[in-house]
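A.B. asks: Sequence and predicted structure are below.
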Amino acid sequence: MKKYAYIGCLGFIAVITTEFGVIGILPQVAEHYKISIDKAGYLLSAFALIIALTGPFMTLLTSGFDRKKIMLTAISLFLITGFVSSFSPPFWLLMLVRILPAFLQPVYIATALSVAVSQADDRKKNELMGIVFNGVAIAMVTTVPFATWIAGLWFWEYSFMIQTAVSLIALAVIYFLLPAMPVKEKKSYGNQVRILKQPPFILSTLANFFMITAWFSTYSYFADYLNKAKGMDTSMVSYMLLLFGIIGVIANGIAGKMLNRNVAGTTAIFLSGTILVPILLYFSDGNLWATIAVIGIWGFLYSPSFLNASTYMISSAPESLEFANSLATSFGNLGVTVGTTIGGWIIVTKGVEYIPWIGVVFGLLAFLMMILRGIFEKRSQVLSSCQNQTVIIFVTLNKIHYLCSINLNLN
């Protein structure tokens, strides 16, 4: 039902605005607290690390609760912590209130996706998931650049006020428009964790991790990179985030439809940006219009990354949707953590202009995992086919032998 998908999308906008809204203000935060840019990046990487470490467990623990209550609780926590952050508390407290909502972020995403596809047939599920994941692109085109623009116009604390306002709107919509959705039949933990033993799912998980690591090694420092490597001021960076997001909304819609036809092929097409974008950024050099064009391509190929990575993982374990989604979110955020950490280290040791090349390494690793999964699945299909044929032949021979025995007895 599309109504549920759009409600989930709105909450996703609040979640993404909170998680990634700091990307555009990291330079101001670093300056305010007199810390280096890589330490300011902890506001993003620590958030993602908590998701990576606790996401699957939190999703399993809450899998038996009413889905509406779970979504309301999660968004409420985002609202409260955003409000506290807007008062520019000491850095340790800012880190703490940034971390708290991270415990429920994967729970919200897994629940919203489950709600969106709860009444849909298999042909529409990827499209509905695409609507929910459009929250990522919409946030990139609206709230994230707007928060960055407001922070540049006044103070960085205003960015958190925008996050709080978006969370409040999402909370009201979920409360008034989403019906109570108790879980009728809770799946056993054993049935859900069984997917962890399946090689295709393991390879898909690694592909997800490498994909997101590739993207966020550069994107986490989007503002710092465009400022220092491309000479753009804060206002221009906000416009680039806006461009990035507008194209991303279009890309998510296209990716959702493409995934309905071919999950692996669609994922590979968009993953190619991890190799293409760094090369284009290098050749755009100091040319403003060339850089703007590359940012457009970047936005198109990057924005569906979470949708592609999650769908690719789920396609290997469709029987455990919510748990697989939580693992996709967790490993995706582990990728955010690793990518942000490595990107920050490269900036400090080598310079910000080198960070796009990290994406090439992890992008190639993601491609390798996809190839290995493809090989494994083909072998499994061949073995399965051979086993079936053996059974048929064996049974057929038994029948022939049995008939011959009867004929011999009759004679």
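C.D. replies: Arrived safely, thanks for sending.

A.B. asks: Where does pLDDT dip in the protein?
C.D. replies: In the predicted model, the chain carries pLDDT under 70 at residues 1, 119-123, 125-126, 137, 140-141, 145, 152, 183-195, 317-322, 382-411.

A.B. asks: I'd say A324 and F201 touch.
C.D. replies: Yes - judged on Cβ atoms under 8 Å, A324 makes contact with F201 at a distance of 7.5 Å. C-beta here means a position set from N, CA and C on the backbone, and glycine is covered the same way.

A.B. asks: Compare those two and say which is more crowded by neighbours.
C.D. replies: A324 (26 against 21; other Cβ atoms under 10 Å).

A.B. asks: separation between the more buried one and I297?
C.D. replies: Distance of A324 to I297, computed by Cβ to Cβ, to the nearest Å: 30 Å.

A.B. asks: repeat for S284
C.D. replies: Taking Cβ to Cβ as the measure, S284 and I297 are separated by 10 Å.

A.B. asks: try W345
C.D. replies: Applying Cβ to Cβ, the value for W345 to I297 is 26 Å.

A.B. asks: Also T59?
C.D. replies: When distance is defined by Cβ to Cβ, T59 is 34 Å away from I297.

A.B. asks: Equivalent analysis for K350, please.
C.D. replies: K350 sits 24 Å away from I297 when distances are taken as Cβ to Cβ.

A.B. asks: quick one: which of the two has more around it?
C.D. replies: In this comparison of K350 against I297, neighbours counted by other Cβ under 10 Å, the higher total goes to I297 at 15 against 11.

A.B. asks: And the helices in the stretch 201-350 of the chain, which stretches?
C.D. replies: Here the stretch 201-350 of the chain has its helices, by DSSP state H, counting those that start in this stretch, at 222-228, 234-261, 263-271, 273-284, 288-302, 305-314, 321-349.

A.B. asks: actually the stretch 51-200 of the chain, sorry about that
C.D. replies: 67-85, 91-99, 105-117, 122-141, 143-153, 157-177, 189-193, 199-219.

A.B. asks: Let's see the first one as CSV, backbone CA atoms only.
C.D. replies: So that's helix 67-85. Provided in CSV are the C-alpha atoms of helix 67-85 (Å, rounded to 0.1, in the frame of the first residue of the first chain):
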residue,chain,number,x,y,z
ARG,A,67,5.0,-1.5,14.5
LYS,A,68,3.4,1.8,14.9
LYS,A,69,4.6,2.1,18.5
ILE,A,70,8.1,1.2,17.4
MET,A,71,8.1,3.9,14.7
LEU,A,72,6.8,6.5,17.1
THR,A,73,9.3,5.7,19.8
ALA,A,74,12.2,5.9,17.3
ILE,A,75,11.2,9.2,15.8
SER,A,76,10.5,10.6,19.3
LEU,A,77,14.1,9.9,20.3
PHE,A,78,15.4,11.6,17.2
LEU,A,79,13.3,14.6,18.0
ILE,A,80,14.5,14.9,21.6
THR,A,81,18.2,14.5,20.9
GLY,A,82,18.0,16.9,17.9
PHE,A,83,16.5,19.5,20.2
VAL,A,84,19.3,19.0,22.8
SER,A,85,22.0,19.2,20.1
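
A.B. asks: That one: which residues count as buried?
C.D. replies: Of the residues in helix 67-85, those scored as buried under the neighbour-count criterion (16 or more other Cβ atoms under 10 Å) are 67-68, 70-72, 74-79, 81-85.

A.B. asks: Nearest to P179 among those residues?
C.D. replies: K68 (6.9 Å; Cβ to Cβ).

A.B. asks: ok, now how distant is that closest one from K2?
C.D. replies: Taking Cβ to Cβ as the measure, K68 and K2 are separated by 18 Å.

A.B. asks: repeat for L53
C.D. replies: The spacing between L53 and K2, counted by Cβ to Cβ, is 34 Å.

A.B. asks: Mind checking the helices of the stretch 201-350 of the chain for the one nearest to V107?
C.D. replies: helix 321-349 (7.2 Å).

A.B. asks: Which other helices and strands does that closest one contact?
C.D. replies: On a contact count with 3 or more Cβ pairs under 8 Å, 6 or more residues apart in numbering; DSSP states H and E, helix 321-349 meets helix 37-40, helix 42-61, helix 105-117, helix 189-193, helix 199-219, helix 305-314, helix 356-410.

A.B. asks: Which neighbouring elements make contact with the shortest one?
C.D. replies: It refers to helix 37-40. For helix 37-40, the contact count by 3+ Cβ pairs under 8 Å, 6+ apart identifies helix 26-33, helix 321-349 as packing neighbours.

A.B. asks: Also the second one?
C.D. replies: Helices and strands in packing contact with helix 42-61 are listed as helix 2-20, helix 26-33, helix 91-99, helix 105-117, helix 189-193, helix 321-349; criterion 3+ Cβ pairs under 8 Å, 6+ apart.

A.B. asks: List the contacts of the fourth one.
C.D. replies: Taking Cβ atoms under 8 Å, 6 or more residues apart in numbering as the criterion, the residues outside helix 105-117 that touch it are 1, 4-5, 7-9, 11-12, 15, 19, 51, 54-56, 58-59, 62, 67, 70-71, 74-75, 124-125, 128-129, 131-132, 178, 181, 310, 321-323, 325-326, 329-330, 333.
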